[in-house]
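Engineer: Coordinates only, no sequence provided:
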């Protein structure tokens, strides 16, 4: 991993509190360019907060976060630049309901990247084709199924040609029959060499795609390793307990 | 895909059953006479409705007088027929026929009244064009600037061979339209900024300023603001610098309307799910792009009904300028009936004024309903 090039994402002893609640405790994490990291853990373990700190949807109070060589501070201009390089996919899709699918995808390229409209639309169609829904381009988000909306959300993020993609429980709000179509899109994206951080409970996806799995509990990184190490020989009781609960549910 | 419904082969899809009874009689039976009490109430209401409707029609159309002859001796109108009609319980519409130009244009010089008449037409044209969605482009702002310039050139004159008409001679419907159109058009952008300011988390000073502005203005009646603008404000101004009365009232109305609109818009901003803000942030959109492209288009659509409610309220509230002596539609109507021969016929004039106000307000209401329907068609959540 440490082959001389700086990491795509570096978290160094990050701490965060919501009021009295200590949600991130000395979290340190390094993600190399091209690496795929799956973050898992029970609900309330701070995994979503962690991933939201990476593009500063949440602000951390202690420690350092460096993304793509730039440290996250209160400098909003630098922040907008980092955000345009980091794509994010949310649990609840968060498509813009007043814009068509195509407009959802071209909005940021046109206004942030200053791309000409025709070019942005061609780019959007390319990514919509890649997520296999080019025929929905003229529709509004409300007319699509959940799985389709999430794939549009992925395409929308990809249209910015980000260096890093963050996934915050992308399949948790989906009906079971739609989870696969979204996971397939993510697997394809992973195979293309994208740097990815995914918060997910999909252990099959983690096994197939992840270079590393990070297990969090109560705001701490408890254990991390390759999927094989983590699933076959968990070291801590907390991970063993979590895995037994997760596997029972599946 | 996900929204298709599956139909089993064993239970083929059926059309919903046709209504067993239909038509006006069935409707009346179901809605008006479905029980003894319901029937009694229906009959009682029908009795009053018919009784008053008949007497209204009788007063307004049957026993009414539409014109009165000119007295050849004095060359003035002879209202005897109207007095007779009034005694018989009929309306005298002749007062409107005689005074409509004063009601519509106030004390604007009689020979020049074609100018405010064109102004009214220009305003109506502006409203119609602005209401059509296919004109919702950048050019619309130019149309507004051009039309409003034309309106003031026409009202003031002094150029193109038109006589100069001082502002205190203006009156009637153009004043009402100027106050309300300018008031709402200027108040709206201010309101958007104030609403955003009040929700700002990064700029506490701006937020405080917006909160103070909203609470102070909202805490006083419009009438007192108008008084301030017309009586107290000139005292603070340096000698010789005295912006005209209409402008001062206009500023007071703008400041007042902006507060109410800002609170309505803030409601829309709050109603949007947090995810919309986060998704816009995550794409790297700057604050103003996020607001202009993602948040405001949705927030404003959400608040169309209360927004139009406020618009309608302010259209009517402009009539409060009456108390600082500005000649709006209501004032000129009121003064029109102070003429001795028409003093007894103010009801007719007020009915006409009411109809004019109603036409504007009802159009706004209808339009907003259409707009809501159209938006809900395209945005199905």
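Structural biologist: Good, I have the coordinates. What you see is a predicted model; the values in this text were computed from it and never measured.
Engineer: alpha carbons only for contacts and neighbour counts from here, please
Structural biologist: OK.
Engineer: what about the closest residue in space to residue B:222 that isn't next to it in sequence, neighbour count?
Structural biologist: Distances taken as CA to CA, 6 or more residues apart in numbering or on different chains place residue B:256 nearest to residue B:222, at 6.9 Å, with adjacent residues excluded. Residues lying near residue B:256 (other CA atoms under 10 Å in any protein chain shown) number 23.
Engineer: Correct me if wrong: residue B:256 contacts residue B:217.
Structural biologist: Yes. Between residue B:256 and residue B:217 there is a contact under CA atoms under 8 Å: 6.3 Å.
Engineer: so for the one helix or strand residue B:360 maps to, what's the average pLDDT?
Structural biologist: Per DSSP states H and E, residue B:360 falls inside helix B:346-378. For helix B:346-378, mean pLDDT rounds to 86.
Engineer: buried stuff in that helix?
Structural biologist: Buried residues in helix B:346-378, counted by 16 or more other CA atoms under 10 Å in any protein chain shown: B:346, B:348-349, B:352-353, B:357, B:361, B:364-365, B:368, B:371, B:378.
Engineer: Of those residues, which is the nearest to chain A?
Structural biologist: residue B:378 (7.1 Å; CA to the nearest CA).
Engineer: Show me which residues of chain A are close to chain B?
Structural biologist: Neighbours of chain B within chain A, by CA under 8 Å from any CA of the partner chain: A:55, A:57, A:79-84, A:86-88, A:90, A:92, A:94-98, A:108, A:111-112, A:140-146, A:157, A:160.
Engineer: Would you report which members of the residues you listed are assigned to strands?
Structural biologist: When DSSP state E defines the strands, the subset of those inside them is A:86-88.
Engineer: if we can go back for a sec, which other helices and strands contact the helix holding residue B:360?
Structural biologist: helix B:94-105, helix B:304-317, helix B:329-336 (3 or more CA pairs under 8 Å, 6 or more residues apart in numbering or on different chains; DSSP states H and E).
Engineer: Can you tell me which of those helices is most buried?
Structural biologist: Among the helices and strands packed on helix B:346-378, ranked by average contacts under mean count of other CA atoms under 10 Å in any protein chain shown, first place goes to helix B:329-336 (a mean of 23).
Engineer: Give the other helices and strands that it contacts.
Structural biologist: With contacts taken as 3+ CA pairs under 8 Å, 6+ apart, helix B:329-336 sits against helix B:94-105, helix B:173-199, helix B:346-378.
Engineer: now the next helix or strand after the shortest one against helix B:94-105, angle please.
Structural biologist: What that stands for is helix B:94-105. Reading on from helix B:94-105 to the C-terminus, the next helix or strand found by DSSP H and E is helix B:114-131. For helix B:114-131 against helix B:94-105, the angle by axes from the mean of the first three to the mean of the last three CA atoms, to 10 degrees is 70 degrees.
Engineer: List the buried residues of helix B:114-131.
Structural biologist: Residues B:115-120, B:122-123, B:126, B:129-130 are the ones in helix B:114-131 that count as buried (16+ other CA under 10 Å).
Engineer: export those residues to JSON lines and tack on distance to residue B:159?
Structural biologist: Converted to JSON lines, those look like this (distance: CA to CA, whole Å):
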{"residue": "B:115", "distance to residue B:159": "13"}
{"residue": "B:116", "distance to residue B:159": "15"}
{"residue": "B:117", "distance to residue B:159": "18"}
{"residue": "B:118", "distance to residue B:159": "16"}
{"residue": "B:119", "distance to residue B:159": "16"}
{"residue": "B:120", "distance to residue B:159": "20"}
{"residue": "B:122", "distance to residue B:159": "19"}
{"residue": "B:123", "distance to residue B:159": "21"}
{"residue": "B:126", "distance to residue B:159": "23"}
{"residue": "B:129", "distance to residue B:159": "27"}
{"residue": "B:130", "distance to residue B:159": "28"}
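Engineer: any weak-confidence spans in chain A?
Structural biologist: A:1-4, A:248-250 (pLDDT under 70).
Engineer: where exactly do the helices run in it?
Structural biologist: Secondary structure of chain A (DSSP state H): helices at A:47-54, A:76-85, A:101-111, A:117-130, A:146-158, A:176-191, A:203-209, A:227-232, A:237-249.
Engineer: Return the most buried member of these.
Structural biologist: Of the helices of chain A, helix A:146-158 is the most buried (mean count of other CA under 10 Å), at a mean of 27.
Engineer: Contacts for it next, please.
Structural biologist: Residues lying outside helix A:146-158 but in contact with it, judged by CA atoms under 8 Å, 6 or more residues apart in numbering or on different chains, are A:87-89, A:93-95, A:101, A:104-106, A:124, A:127-128, A:130-131, A:133, A:141, A:165, A:170, A:173-175, A:178-179, A:181-182, A:185, B:2, B:283.
Engineer: rerun at 7 Å
Structural biologist: Residues outside helix A:146-158 that contact it (CA atoms under 7 Å, 6 or more residues apart in numbering or on different chains): A:87-89, A:93, A:95, A:104-105, A:127-128, A:131, A:141, A:174, A:178-179, A:181-182.
Engineer: could you check the angle helix A:101-111 makes with that helix?
Structural biologist: On the basis of the same axes, to 10 degrees, helix A:146-158 is oriented at 20 degrees to helix A:101-111.
Engineer: Residue A:169: what's it in contact with?
Structural biologist: Contacts of residue A:169 (CA under 7 Å, 6+ apart): A:90-91, A:199-200.
Engineer: Out of these, which comes closest to chain B?
Structural biologist: The closest of the contacts of residue A:169, once distances to chain B are taken by CA to the nearest CA, is residue A:90, at 8.0 Å.
Engineer: What about the closest one, how many residues nearby?
Structural biologist: Residue A:90, neighbours per other CA under 10 Å, totals 24.
Engineer: and it, what does it touch?
Structural biologist: Applying CA under 7 Å, 6+ apart, we find residue A:90 in contact with A:167-170.
Engineer: quick one: residue B:245 and residue B:230 touch, right?
Structural biologist: Yes. Applying CA atoms under 7 Å as the test, residue B:245 and residue B:230 come out as touching, 6.3 Å apart.
Engineer: More neighbours: the two, which one.
Structural biologist: A side-by-side neighbour count of residue B:245 and residue B:230, using other CA under 10 Å, places residue B:230 first with 22 against 18.
Engineer: Could you verify that that one is part of a helix?
Structural biologist: Yes. Using DSSP: H, G, I helix; E, B strand; the rest coil, the assignment for residue B:230 is a helix.
Engineer: what's the spacing between it and residue B:201?
Structural biologist: 37 Å (CA to CA, to the nearest Å).
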